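Visitor: Curious how this folds, go ahead:
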Amino acid sequence: MRKLDVRLDRRAFLRGAGALGLAGLAMPLLPSLGRAQSVDFPKRLLVFHSGNGTIAPNWVPQSSNGLITQMSTILDPLTPHLDDLLVLEGLDITVAKGAYQPRSGFHAHERGLGAILTGQPLNEGDMEAFSGYANGISVDQYIANSMQGQTGIHSLQVGLITRRHGSGWYNRDTMIYADANQPLFAESDGTKIFDQVFGEGVSTPGAYERIRARRQSVLDFVRQDLAGVEQRVSAADRQRLEQHHTAFRELEMQLSEPAPTCEGPDPTSVSDWFDEDAMTAISDFQIRQTVQALACDRTRVVTMQYGKGLGGLSLRPIGMTDGWHSLSHEGDGNADAQQKLTQLNTYIAGRFAKILEEMKAVPEGDGTMLDNSVVIWVNELGKGNNHDHDDVPIVIAGSLQGTFQTGGRHVTLGQRSNNDFLITLCQAFGLETNTFGLPELCTGSINEILA
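Guide: Predicted coordinates for the structure are as follows:
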């Protein structure tokens, strides 16, 4: 019997999908299709941001000899993922402090948000307090640049109900920079993200409906090809196909009603994607399609912002009407505010846990997609009511193929600059650099968090 070359079958399959504008989305990475089980899966980066600092006594876990023995109140939703975690304490956004800024009057949220991924100060500009955009590239874009051409999408910027400032895009709306003074802004409209990642661009009225009618379902178009592929892959890969296609079909169904507009309206005019009462459902959707984009290798670098700098969302998902930002300004003695902020940050931890849950549901080799990734939860402040940039809360999940020493660890650094953290990230992705951001704040990689 002639030995079947499954690599040709895979190429034929993708050519068929490509004819429909679907190449790279209908099938996730399958080790048994054309490559051995020891296939090298790609490394991936996902950065998740929430704002306004945290309540440190309720955030710091109990630990012994560097191992977490008891999760804190805020981090409790992450307990099921303990073995995948590294909680980092004592990291400062040093460059966000006034001494390193062109003007000492720049607002703390903007300074922190501009610096957390760039390691650079803000430039002067025409925004509040005469501030401008950050003076350098953010680490996610630096890493994505090193992967140029390896995926269909350079990087993905997802917003979970992010909004423009009243006068337009603003430096408090983003932590992402293609270069100095070149901000990139997160997209909150799930339909637009879906089209960017999985479908054709839509620019004219009725085009979206015509495309959907023509497709009916992505999986229906490639059903026969899938049937042939499924007979030739391993049992583990059949499970991956089933999980991937179930998730993708659910995305299609969620997008089908109501039909989105096709004229590219400003995101703030699309009320469905900015309904704060539906934040949980919206973030579930955004998380699901983000993980599918990574699973399909459409991109390997994603940033997700929950709100923006100042975190101006309400607390309605947890039954409160208080404003998140205004509440964060209350003093330590306000027990009610402390309790509400703890509840809110616990809710955000649950959103971060949802990302990890979805990534761990994607098998890759002997592990999961999370094992081949690093997911980082960052904040632009350490403590909200005094606007400081010391000891900002950082949670790392995923070992990035054994690069980071996770395993439920709690590492206390003691006033280490986040510039060194950015250097560590670059080196983890194979980029040889001893500086990132402002050079005088760089001392080298943080070996305490590496395996």
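Visitor: Provide a complete list of residue ranges assigned to helices in the stretch 301-450 of the chain.
Guide: For the stretch 301-450 of the chain, the helices defined by DSSP state H, counting those that start in this stretch cover 324-328, 335-360, 418-428.
Visitor: Counting neighbours, what do you get for Leu241?
Guide: Residues lying near Leu241 (other C-beta atoms under 10 Å) number 18. The way it works is simple: take the backbone N, C-alpha and C, and place the C-beta from them, glycine included.
Visitor: Can you verify my assumption that it contacts Arg232?
Guide: No: between Leu241 and Arg232 there is no contact, the gap being 11.4 Å when judged by C-beta atoms under 8 Å.
Visitor: returning to what we had before: to Arg298, which of the helices of the stretch 301-450 of the chain lies closest?
Guide: With C-beta to C-beta, the closest approach to Arg298 among those belongs to helix 335-360: 14.8 Å.
Visitor: in the closest one, what counts as buried?
Guide: The neighbour-count criterion (16 or more other C-beta atoms under 10 Å) identifies 337-338, 340-356, 358-360 as the buried residues of helix 335-360.
Visitor: Next: stretch 406-419.
Guide: For stretch 406-419, burial by neighbour count (16+ other C-beta under 10 Å) applies to 406, 408-411, 413, 416-419.
Visitor: Let's test this: mean pLDDT of it, rounded?
Guide: Confidence for stretch 406-419, expressed as mean pLDDT, is 95.
Visitor: Save the helices of the stretch 301-450 of the chain as a markdown table, and put in distance to Pro80 too.
Guide: As requested, the helices of the stretch 301-450 of the chain are arranged in a markdown table below (distance: least, C-beta to C-beta, whole Å):
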| stretch | distance to Pro80 |
| --- | --- |
| helix 324-328 | 26 |
| helix 335-360 | 7 |
| helix 418-428 | 25 |
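Visitor: which one of those helices has the lowest average pLDDT?
Guide: Per-stretch mean pLDDT for those is lowest at helix 324-328 (a mean of 86).
Visitor: Near the nearest residue to Lys97 once chain neighbours are set aside, how many residues? Count them for me, please.
Guide: Here the nearest residue to Lys97 in space, its sequence neighbours aside, is His389; by C-beta to C-beta, 6 or more residues apart in numbering that works out to 5.8 Å. Counted with other C-beta under 10 Å, the burial measure for His389 works out to 25 neighbours.
Visitor: Nearest residue to Leu327 in space, please, no chain neighbours.
Guide: For Leu327, ignoring the flanking residues on the chain, the nearest one in space by C-beta to C-beta, 6+ apart is Ala337 at 5.3 Å.
Visitor: I'd say that neighbour and Glu330 touch.
Guide: Yes: Ala337 is in contact with Glu330 according to C-beta under 8 Å; the separation is 3.5 Å.
Visitor: what about the residue nearest to Gln427 when sequence neighbours are not counted, distance to Gly136?
Guide: On the basis of C-beta to C-beta, 6+ apart, the spatially nearest residue to Gln427 that is not a chain neighbour turns out to be Ser445, at 5.3 Å. When distance is defined by C-beta to C-beta, to the nearest Å, Ser445 is 19 Å away from Gly136.
Visitor: The two: which is more packed in?
Guide: Under the criterion of other C-beta under 10 Å, the comparison of Ser445 against Gly136 puts Gly136 first, with 25 against 19.
Visitor: isn't Glu114 right next to Ala134, touching?
Guide: In this structure residue 114 is Gly, not Glu. Yes: taking contact to mean C-beta under 8 Å, the distance of 3.8 Å between Gly114 and Ala134 places them in contact.
Visitor: what residues are shared contacts of those two?
Guide: Between them, Gly114 and Ala134 share the neighbouring residues 120-122, 171, 177, with contact defined by C-beta atoms under 8 Å, 6 or more residues apart in numbering.
Visitor: Point out the least confident member of these, please.
Guide: Asn171 (90).
Visitor: need the contact list for that one.
Guide: 110, 113-114, 122, 125, 127, 131-134, 183, 309.
Visitor: Kindly report the same for Val197.
Guide: The neighbourhood of Val197, defined by C-beta under 8 Å, 6+ apart, consists of 25, 153, 156, 289, 292-293, 298-299.
Visitor: Let's test this: what are the backbone torsions at it?
Guide: With angles defined as degrees, to the nearest 10, Val197 shows backbone torsions of phi -90, psi -40.
Visitor: Quickly note the distance from it to Gln289.
Guide: Computed with C-beta to C-beta, the distance linking Val197 and Gln289 is 7 Å.
Visitor: now Leu75
Guide: From Leu75 over to Gln289 the distance is 26 Å, taken as C-beta to C-beta.
Visitor: Ile193 too?
Guide: Using C-beta to C-beta, we find Ile193 at a distance of 6 Å from Gln289.
Visitor: Equivalent analysis for Val374, please.
Guide: Distance from Val374 to Gln289, counting by C-beta to C-beta: 20 Å.
Visitor: Now do the strands in the stretch 51-200 of the chain.
Guide: If you assign secondary structure with DSSP state E, counting those that start in this stretch, the strands in the stretch 51-200 of the chain sit at 62-64, 67-70, 85-92, 122-124, 131-134, 156-160, 176-179, 182-184.
Visitor: out of the contacts of Val197, what pair is the most spread apart?
Guide: The most widely separated members of these are Leu25 and Leu156, with 13.3 Å between them, by C-beta to C-beta.
Visitor: Name the residues contacting each of the two.
Guide: Taking C-beta under 8 Å, 6+ apart as the criterion, Leu25 and Leu156 both touch 197, 298.
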